[in-house]
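1. test case, fold it:
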Amino acid sequence: MVAQKEPYEFPAILAFAGELTAWRMQAGMSKIELAERLGYTPQLIGQVEAAKNLPSKQLAEDLDTLFETNGVFLRLWKLINETRHLAVLPRGFSEFVAREAEASTMHVFEPGIITGLFQTPEYAYEVMKAGRDREEAEQLVGKRVERQKILDRKHPPRIVAIFEEMALRRMLGGRSVMKAQIEHLIDLAERHNITLQVVPESVGSYAGLMGAFTILGFEDGPDLVYVEHIGGQFITDAPIVREYALRYDLIRGAALSADQTLKLLRTTLESL
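-> The predicted structure is shown next:
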């Protein structure tokens, strides 16, 4: 498992980290001494104690044996493993998914890839697999597919989604995966509640260079912004939300119209 820059916020992982620190200190051992005793690197021990890396089953068993804990670490590992699909979500993303399900409107800007709500499972897997093992990537794909159910409910949200043309050119998974993905986008673009727009490659500097964000609108509450490139944070301050709304308008101004985008999608599909 690749270590994170920021600690996981999932309770079971934090509990494992806390227990590891407590048992190690009670034994009077440094991280280096514990690592040498068990045959792991000090870096891994430090990452697990800091909740920046997920423990393996073998590490849990080794800790239980060394400290004679009667299975404390293995039980925590099982809890982590059973709910791992939650543990691997980015910080703040679980809350975003909950608010996304409540939204009546969404204005999505995702520059480099097709936005998650519109990804096929095969395309989503190609996005998710970098730096992850197969099981973890598949769990994340499952969560993504679960999110997409809001598109098929009786009263789906009104969605405007913008991405850059490079997202269509990047051959994630090869031609067959991209062909199915673009066919899916064409089907979505023909729905009454979905508007797709693409920023063409010919556009130079524009308002979207600062990164991905989503504006969620609600029938009974103020709009909010979810910004991905600063660690997955919500913005609720009204003046800043208005600034993002203005930026979104500027991005739409740089993008092809919905009809032009549909034409581009069909042309791209024919070339695959």
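2. my read is that residue 138 contacts residue 124, right?
-> No - with contacts defined as Cβ atoms under 8 Å, residue 138 does not count as touching residue 124, sitting 9.8 Å away. For the C-beta atoms, the positions are set from N, CA and C on the backbone; glycine is no exception.
3. okay, these two: which has more neighbours?
-> residue 124 (27 against 16; other Cβ atoms under 10 Å).
4. give me the contacts around the helix or strand encompassing residue 77.
-> Using DSSP states H and E, the element containing residue 77 is helix 72-82. Helix 72-82 has contacts (Cβ atoms under 8 Å, 6 or more residues apart in numbering) with 10, 12-13, 15-16, 19-20, 54-57, 59-61, 63-64, 87.
5. pull out the buried members of those residues.
-> Neighbour counting with 16 or more other Cβ atoms under 10 Å marks 10, 12-13, 15-16, 19-20, 54-55, 59-60, 63-64, 87 as buried within those.
6. residue 72: neighbour count?
-> Neighbours of residue 72 (other Cβ under 10 Å): 18.
7. my bad, should have said residue 156
-> Residue 156 has 15 neighbouring residues, counting by other Cβ under 10 Å.
8. do a quick rundown of the helices in the stretch 1-150 of the chain.
-> Using DSSP state H, counting those that start in this stretch, the helices of the stretch 1-150 of the chain run over 11-26, 31-38, 42-49, 57-67, 72-82, 84-87, 93-102, 121-128, 134-147.
9. weakest of these in terms of mean pLDDT?
-> Sorting the helices of the stretch 1-150 of the chain by mean pLDDT places helix 84-87 lowest, at a mean of 53.
10. separation between residue 15 and residue 167?
-> Applying Cβ to Cβ, to the nearest Å, one obtains 39 Å for the distance of residue 15 from residue 167.
11. still on that earlier bit, nearest to residue 133, of the buried ones among the contacts of helix 72-82?
-> Nearest to residue 133 among the buried ones among the contacts of helix 72-82 is residue 54, at 10.4 Å by Cβ to Cβ.
12. residue 265 and residue 167 touch, don't they?
-> No - under the criterion of Cβ under 8 Å, residue 265 makes no contact with residue 167, lying 11.1 Å away.
13. quick check: neighbours shared by the two?
-> Residues touching both residue 265 and residue 167 by Cβ under 8 Å, 6+ apart: residue 198.
14. can you tell me the closest non-neighbouring residue to residue 215?
-> residue 107 (4.2 Å; Cβ to Cβ, 6 or more residues apart in numbering).
15. run through the bridge partners of that neighbour.
-> residue 160, residue 215 (DSSP bridges).
16. which pLDDT value does the model give it?
-> Looking at residue 107, its pLDDT stands at 98.
17. kindly report the same for residue 90.
-> 56.
18. could you do residue 7 as well?
-> 63.
19. and for residue 10?
-> 69.
20. begin at 396 from here
-> With the count now opening at 396, the last piece we talked about shows up as residue 405.
21. quickly find the element holding residue 641.
-> Residue 641 belongs to helix 633-649, assigned by DSSP H and E.
22. what are the contacting residues of that helix?
-> 502, 504, 555, 557, 592, 594, 598, 601-603, 605, 608, 610, 617-620, 622, 630.
23. repeat that for stretch 512-524.
-> Residues contacting stretch 512-524 (Cβ under 8 Å, 6+ apart): 501, 503, 508-509, 511, 531-533, 535-536, 539-540, 542-543, 545-546, 554, 556, 567-568, 572-573, 575-576, 579-580, 583.
24. how about a cut-off of 7 Å?
-> 508-509, 532, 535-536, 539-540, 542-543, 546, 556, 567-568, 572, 575-576, 579-580, 583 (Cβ atoms under 7 Å, 6 or more residues apart in numbering).
25. enumerate the positions of that stretch that are buried.
-> 512, 513, 514, 515, 517, 518, 519, 520, 521, 522, 523, 524.
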